[in-house]
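Undergrad: Based on what follows, work out the 3D shape:
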Amino acid sequence: MTRSALPVMLFAAAAAAAGCLSVPEGEGPPPMCHSTDDCDRGHGEVCEQGVCWGNPPPGPFAAVVSPPSMRPDLVSREISQLAIPDFGWMGDLALEAPVLLSGKLVAFCPPPLTTCDPTALAGAVTLARASQFRGGPGFHTVTTVAAGDSFAIPVRRTQPDDDLYTVTITPDSTRQLGGHSAAEVVPPRRLQLSVTDNTATQPIELGGADLPAITGTLVDSLGRGIANYRVSALGRWDPTESPVEVSTVDFTDASGAYAITLSDDLVGTVELVARPVPAAIDGAPPTAPTIHVAGIDALRTSAQPPITVASNLGSPTTLALQVMGLAQSGAVSGVSGAQVSITGTASGPGALTSYTIADQQIADTDGKVALKVLDGAAFTGSYQLSITPPAGSTLGAVFNQKAALQMPPQIRLGARLELHGRVVDGDGNPVANVSVTARPSLRFLWTLDAASQVFVASIPAATGVTLPTGEFILWVDPSVAQIWGHYDLVFEPPSTMRAPSFLKPDFAIPQVATFDTLDLDKVAMPDAAYVHGRITGPDGVPVPDAELKLYEISTEVNLCSEVAHAPTSCPIPAQLQGRNAASNDGAVQLALPR
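TA: Here you go, the predicted model:
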């Protein structure tokens, strides 16, 4: 049974959730049904209030129910397994009362900071917990704590089988403790805990006398100290995570000396990173190398040998370039707004020491940029250039193209691949005003190495809207770093259609270098399954404006073994299938794609 219309009752709820449209009373399509005989009884549909409810897609489903912002007495809840019966009624979806995680940041003030007030510590408290269902969004919130203040974060009470909350405290970088910033005095700290009841406002101390420290000096090739470098360490509390800053911050003095303190509970090794300090006048960083020293034990105090900056890194110079491309008018012109970045790397005196120099600029109205680099022999042959065209451009991105200081002053971008398609309804009629977005699929991203993944994820997604003929055009990069693209095509009909959003997953770009246009098959909008429920508080009272997000949990089991760079845990994200806000009586209604 093809569904193309939904009564005003359900449409109004969807429009209210979007906050952009209302339906005059008496207008809208006629009821879908007058009795259950008008529905697909063979698949369990029932007729209520003029809607054929039920016959949902197979799932499995999970959900997140969230209270409106004006209800601090309620907290979001994850439902890891949501059964939707054939007749489409999800039942009461109850929110919960929160418990408060409270605390106060306190600094351990090491000597000689005699003027340091341990209670005058400001910072950011990040509270996170993994999703309770596979691939779900999880919980994440950041609270800024002013000096001397306490914090109280409402959270869902930890249940017996729940993961622990992870609390990460990052000291403020503004100067406040005895003329120093909190980040200079105490390192970040991470805690894991369950919250089973309201907690008392306990002091949480950052820093300590027994934490591991790293000391050393930064000198030039003649042994002279190098001042005004910001020194910190990158490391991990969890071996599966990306490295983050896990130490205090220090700034080298005239002798080049530095001393930083590491956080506790780190794993493995840390990387020491020394960056040139931006100028006080204009805030621009100097053209100077960033220094990296890897492989330092994260669990013990160490005095590092002097870090000697090599003499062959060169002097500051400027690489002037103009980014050009073929406009839709047929003229070759500068690409205004293109983001151009350059990176160079050089080896240091030891196997664990290296240098990087990088700059990033936005092309002016003529496509021109001036990149600041170093001209030394150490960087010769190492420079790589990446260019991201502005959103909606028909021109292709460039990733890690070799660059030389004597390269031609103009770079011409190639054309992206034009994807041409047509959206039709279940009866083959064209559908206008459907938003279509192409985003890199997991297969594409996880086939790329880490640096390429970051670059591809930063490219603005290609988006278009279908014409009255149902036609749409998108321009995508057919390949990046010699890897052919795969894209998820996301279709979002306008709210006036009362039709579900849907996904055409993992569309593969044909591996034909000569293609400049690719015609897709007609994309037929899926049949809609209508489901409904009621959002309440823990007392059973309806909660107007509460939101329901319904996810389909992926049953994909092969992708992680088919790609080269999947994360260790390989979390296939759950796919959002529908979202809506509850009406005044708590009723929430969704149209799901079959």
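
Undergrad: hey, what's Leu127 bridged with?
TA: Thr141, Val167 (DSSP bridges).

Undergrad: show me the contacts for it.
TA: The contact partners of Leu127, taken as Cβ atoms under 8 Å, 6 or more residues apart in numbering, are 101, 139-143, 153, 155, 165-167. No exception for glycine: its C-beta is placed from N, CA and C like everyone else's.

Undergrad: And those residues, which of them are buried?
TA: 101, 139, 153, 155, 165-167 (16 or more other Cβ atoms under 10 Å).

Undergrad: which of those residues lies closest to Ala432?
TA: Phe139 (38.8 Å; Cβ to Cβ).

Undergrad: got a pLDDT number for that closest one?
TA: With respect to pLDDT, Phe139 scores 93.

Undergrad: Can you give me the neighbour number for the nearest residue to it once chain neighbours are set aside?
TA: Spatially, and ignoring its direct neighbours in sequence, Phe139 is nearest to Arg129 (4.5 Å; Cβ to Cβ, 6 or more residues apart in numbering). By the criterion of other Cβ atoms under 10 Å, Arg129 has 22 neighbours.

Undergrad: for Arg129, what are its contacts?
TA: Contacts for Arg129 were tallied using Cβ under 8 Å, 6+ apart; they are 138-139, 162-166.

Undergrad: Kindly report the same for Pro188.
TA: Neighbouring residues of Pro188 by Cβ under 8 Å, 6+ apart: 168-171, 206, 244-247, 263.

Undergrad: Over to Val436?
TA: Contacts of Val436 (Cβ under 8 Å, 6+ apart): 421, 423, 463-466, 472, 474, 489-492.

Undergrad: Quick check: PyMOL command selecting the buried ones in those residues.
TA: Applied in PyMOL, the following selects the buried portion of those according to 16+ other Cβ under 10 Å:
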select buried, resi 421+423+463+464+466+472+474+489+490+491+492
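
Undergrad: Could you dump the contacts of Val436 into CSV and include secondary structure?
TA: Listed next are those as CSV, based on DSSP: H, G, I helix; E, B strand; the rest coil:
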residue, secondary structure
Gly421, strand
Val423, strand
Thr463, strand
Gly464, strand
Val465, strand
Thr466, coil
Phe472, strand
Leu474, strand
Leu489, strand
Val490, strand
Phe491, strand
Glu492, strand
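
Undergrad: Check the contacts of Val436 against Asn558 and report the nearest one.
TA: Taking the contacts of Val436 together and measuring to Asn558 by Cβ to Cβ, the closest member is Leu489, at 21.0 Å.

Undergrad: OK, contacts around the closest one?
TA: 436-438, 503-504, 507, 523.

Undergrad: Then Ala259?
TA: For Ala259, the contact set (Cβ under 8 Å, 6+ apart) comprises 213-215, 250.

Undergrad: May I ask which of those has the most neighbours?
TA: Among these, Ile214 has the most neighbours (other Cβ under 10 Å), with 26 neighbours.

Undergrad: SS state for it?
TA: strand.

Undergrad: related to what we said a few turns ago, pull out the buried members of the contacts of Leu489.
TA: By 16+ other Cβ under 10 Å, the contacts of Leu489 give 436, 438, 503-504, 507, 523 as buried.

Undergrad: Now, those that are in strands?
TA: Judged by DSSP state E, strands contain the following of the buried ones among the contacts of Leu489: 436, 438, 503-504, 507, 523.

Undergrad: Going through the contacts of Pro188, which ones are buried?
TA: Using 16+ other Cβ under 10 Å as the burial test, these include 168-171, 206, 245-247, 263 as buried.

Undergrad: any idea of the pLDDT on Gly426?
TA: Reading off the model, Gly426 has pLDDT 86.

Undergrad: Kindly report the same for the one 3 residues further on.
TA: Taken from the predicted model, the pLDDT recorded for Asn429 is 93.

Undergrad: swap in Thr240?
TA: Per-residue confidence at Thr240 stands at 86 (pLDDT).

Undergrad: packing partners for the one helix or strand Glu418 maps to?
TA: In the assignment (DSSP states H and E), Glu418 maps to strand 417-424. Counting contacts by 3 or more Cβ pairs under 8 Å, 6 or more residues apart in numbering; DSSP states H and E, strand 417-424 packs against strand 435-440, strand 471-476, strand 517-524.

Undergrad: strands paired with the last one, and their directions?
TA: Pointing back at strand 517-524 there. Here strand 517-524 has these sheet partners by DSSP bridges: strand 417-424 (parallel).

Undergrad: Please could you give me each C-alpha atom of the partner strand, formatted as CSV?
TA: Coordinates of each C-alpha in strand 417-424 appear next as CSV, following Å, rounded to 0.1, in the frame of the first residue of the first chain:
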residue,chain,number,x,y,z
LEU,A,417,31.7,14.7,-10.6
GLU,A,418,28.2,15.8,-11.4
LEU,A,419,25.6,13.5,-9.9
HIS,A,420,22.2,13.8,-11.6
GLY,A,421,19.1,12.1,-10.3
ARG,A,422,15.3,12.3,-10.1
VAL,A,423,13.1,11.7,-7.1
VAL,A,424,9.6,10.3,-7.6
